[in-house]
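Peer 1: this one's sequence-less:
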């Protein structure tokens, strides 16, 4: 009651102001699921109508070389939250034969890791995760155990309700309680938006961090009646256009509450599109699940009036591992002593003259394999015994994938092997490969020893049970 009364007093003194400012801006991070590099108008889509997201780019900065740390869900989200490669935090695969965590997995994000939400809470931020979590569905692994004051959404991917595997009905979880199962997926984007706006309105008198990881356009695709069958790109376009609407609603809420100038607003995706049902990674080659550019290079747009120049473009490499150290640098939040792989990218965000990527090299990991390394415009594909999606095994006949050196400056399709012309570059790349293997590992077991207690188990087989009869 006392806290509520103080809030009312402050609101009555300054009804249109926020505690957020230059050092403690509100932060809104929208994180789509399987949205491809070419799925937005501002990135070249001619099918999906995305005027609000395109407008976000016109009012801020668009990154042309922004990367996920992984081409699949769980590891990319682990990297976003912790600022580290997924192998560093032991979340690069499920170790049960699956790429990502599945329902009822005993594993989840190590509570010893510092998340974005936990860092920002030390500076007085209210925090909410609204949408798909996918870093553990047991109660001790949910967002409320990782620095989020409030959680509303689904705990894993929307296709994870396979009866033959024993999956329960897809639940909607509020904090730690299942409030609906199975979830009505056609209403998810709309309900996420309503919850996001409610959170902003409730916390407008203090700095807040809103993390909105959308369910779509991950398959299966759904859209509410207002968007269903309305796009020129089938159900895929319907879901993307509803996300565009949702983004606009949140932007409008910030403007209505006079919070726009005090908010760093970011829009991105967890990995590339799977290339089916209308998704596009054009002009990049590859799809979700691959370490070709289309699997890991994603759209990223940021807006912060007065700080980020309008209509700016960055062609420098940055990654989702940069969010934690960047937010910490902006707000003064302290990082833990756990090593991270990301960087403070404020110079890139603010369009500072001469700002360059902080990455000397970048590693493309898929599941347990190091599959490629990038330095500058050079990208070296390691030889692989098996590759997704065909999973061909190496034999004396030469199956599998040979090594290849490409230059991304003029070969986004990654087709021309320049190994013979530039043996010195190949030699340098092999040195980087050796460094990566030494630091991060490169097989199913390496990485366990990188951090303590990476494989977490409940003291009892806890499973969230629906409150519905």
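Peer 2: On my side now, so go ahead. What you see is a predicted model, and the numbers here were worked out from it, not measured in a lab. Residues are numbered from 1 along each chain as shown.

Peer 1: In the stretch 251-400 of the chain, where is pLDDT below threshold?
Peer 2: 386-400 (pLDDT under 70).

Peer 1: how about a cut-off of 50?
Peer 2: Residue ranges of the stretch 251-400 of the chain with pLDDT under 50: 390-398.

Peer 1: which residues in it form helices?
Peer 2: Assigned by DSSP state H, counting those that start in this stretch, the stretch 251-400 of the chain shows helices spanning 293-296, 323-331, 346-349.

Peer 1: Contact partners for residue 231?
Peer 2: By C-beta atoms under 8 Å, 6 or more residues apart in numbering, the residues touching residue 231 are 47, 48, 49, 237, 238, 240, 241. To be clear about C-beta, it is placed using only N, CA and C from the backbone, and glycine gets the same treatment.

Peer 1: Model confidence score at the nearest residue to the fourth one once chain neighbours are set aside, please.
Peer 2: Once flanking residues are discounted, residue 237 sits nearest to residue 231: 3.0 Å by C-beta to C-beta, 6 or more residues apart in numbering. Residue 231 is assigned a predicted lDDT (pLDDT) of 98.

Peer 1: just residue 13 next, same as before
Peer 2: pLDDT, residue 13: 32.

Peer 1: try residue 440
Peer 2: pLDDT at residue 440 comes out at 88.

Peer 1: and what of residue 91?
Peer 2: Per the predicted model, pLDDT is 86 at residue 91.

Peer 1: And residue 341, how far from residue 139?
Peer 2: 29 Å (C-beta to C-beta, to the nearest Å).

Peer 1: okay, the helices of the stretch 251-400 of the chain, which one's buried deepest?
Peer 2: Most buried of those by mean neighbour count (mean count of other C-beta atoms under 10 Å) is helix 293-296; its value is a mean of 30.

Peer 1: tally of neighbours for residue 315?
Peer 2: Residue 315: 10 surrounding residues under other C-beta atoms under 10 Å.

Peer 1: Pull the contacting residues for it.
Peer 2: Residue 315 touches 64, 65, counting by C-beta under 8 Å, 6+ apart.

Peer 1: pretty sure residue 27 belongs to a helix, no?
Peer 2: No. Going by DSSP: H, G, I helix; E, B strand; the rest coil, the assignment for residue 27 is strand, not a helix.

Peer 1: What are the phi and psi values at the closest residue to residue 111 other than its chain neighbours?
Peer 2: Once flanking residues are discounted, residue 111 sits nearest to residue 145: 6.4 Å by C-beta to C-beta, 6+ apart. The phi and psi values for residue 145, taken as degrees, to the nearest 10, are phi -100, psi 0.

Peer 1: packing partners for whichever strand or helix holds residue 200?
Peer 2: Assigned by DSSP states H and E, residue 200 belongs to helix 188-202. Counting contacts by 3 or more C-beta pairs under 8 Å, 6 or more residues apart in numbering; DSSP states H and E, helix 188-202 is packed against strand 126-130, strand 150-153, strand 208-213, helix 234-256.

Peer 1: give me the number of residues near residue 383?
Peer 2: Neighbour tally, residue 383, other C-beta under 10 Å: 11.

Peer 1: quick one: it and residue 418, what's the gap?
Peer 2: Computed as C-beta to C-beta, the residue 383 to residue 418 distance reads 16 Å.

Peer 1: One more: residue 28?
Peer 2: Distance, residue 28 to residue 418, by C-beta to C-beta: 42 Å.

Peer 1: Look at these two and report which has more neighbours.
Peer 2: Neighbours were counted for residue 28 and for residue 418 using other C-beta under 10 Å; residue 28 has more, 24 against 16.

Peer 1: Touching, that one and residue 247? I think so.
Peer 2: No. At 9.4 Å, residue 28 does not count as touching residue 247 under the criterion of C-beta atoms under 8 Å.

Peer 1: Quick check: phi and psi at the spatially most central residue of the chain.
Peer 2: In the chain, the residue lying closest to the centroid (C-alpha atoms, centre = their mean) is residue 270, at 3.6 Å. When read as degrees, to the nearest 10, the backbone of residue 270 gives phi -80, psi -30.

Peer 1: need the contact list for it.
Peer 2: 31, 32, 33, 34, 68, 73, 76, 77, 80, 213, 298.

Peer 1: out of the contacts of residue 231, which one sits closest to residue 197?
Peer 2: Of all these, residue 241 has the smallest distance to residue 197: 18.8 Å, by C-beta to C-beta.

Peer 1: Count residues in the vicinity of that closest one, would you?
Peer 2: 24.

Peer 1: Domain parsing of this protein, as residue ranges.
Peer 2: With domains defined by automatic domain parsing, the chain comprises 21-349, 362-450.

Peer 1: what's the offset of the last one from the middle of its chain?
Peer 2: In this case it means domain 362-450. 23 Å (C-alpha atoms, centre = their mean, to the nearest Å).

Peer 1: now do the first one
Peer 2: Averaging C-alpha coordinates over domain 21-349 and over its chain gives two centres that are 5 Å apart (C-alpha atoms, centre = their mean).

Peer 1: still on that earlier bit, of all the domains of the chain, which one comes closest to residue 355?
Peer 2: Ranking the domains of the chain by proximity to residue 355 (C-beta to C-beta) places domain 21-349 first, at 3.7 Å.

Peer 1: before we move on, the earlier item: deepest-packed of the domains of the chain, please.
Peer 2: Of all these, domain 21-349 carries the top mean neighbour count, a mean of 21, counting by mean count of other C-beta under 10 Å.

Peer 1: Write down the beta-bridge partners of residue 151, one by one.
Peer 2: For residue 151, the beta-bridge partners are residue 129 (DSSP bridges).

Peer 1: for it, what are its contacts?
Peer 2: Counted by C-beta under 8 Å, 6+ apart, residue 151 has contacts 128, 129, 130, 133, 142, 143, 144, 173, 174, 175, 176.

Peer 1: what does residue 30 give?
Peer 2: Counting by C-beta under 8 Å, 6+ apart, residue 30 has contacts 212, 214, 247, 250, 265, 266, 267, 268.

Peer 1: Which parts of the stretch 251-400 of the chain are strands?
Peer 2: 263-269, 297-303, 312-314, 318-319, 362-366, 369-375, 378-381 (DSSP state E, counting those that start in this stretch).

Peer 1: could you redo these as TSV and give each row distance to residue 201?
Peer 2: Below are these laid out as TSV (distance: least, C-beta to C-beta, whole Å):
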stretch	distance to residue 201
strand 263-269	14
strand 297-303	20
strand 312-314	30
strand 318-319	32
strand 362-366	39
strand 369-375	43
strand 378-381	45
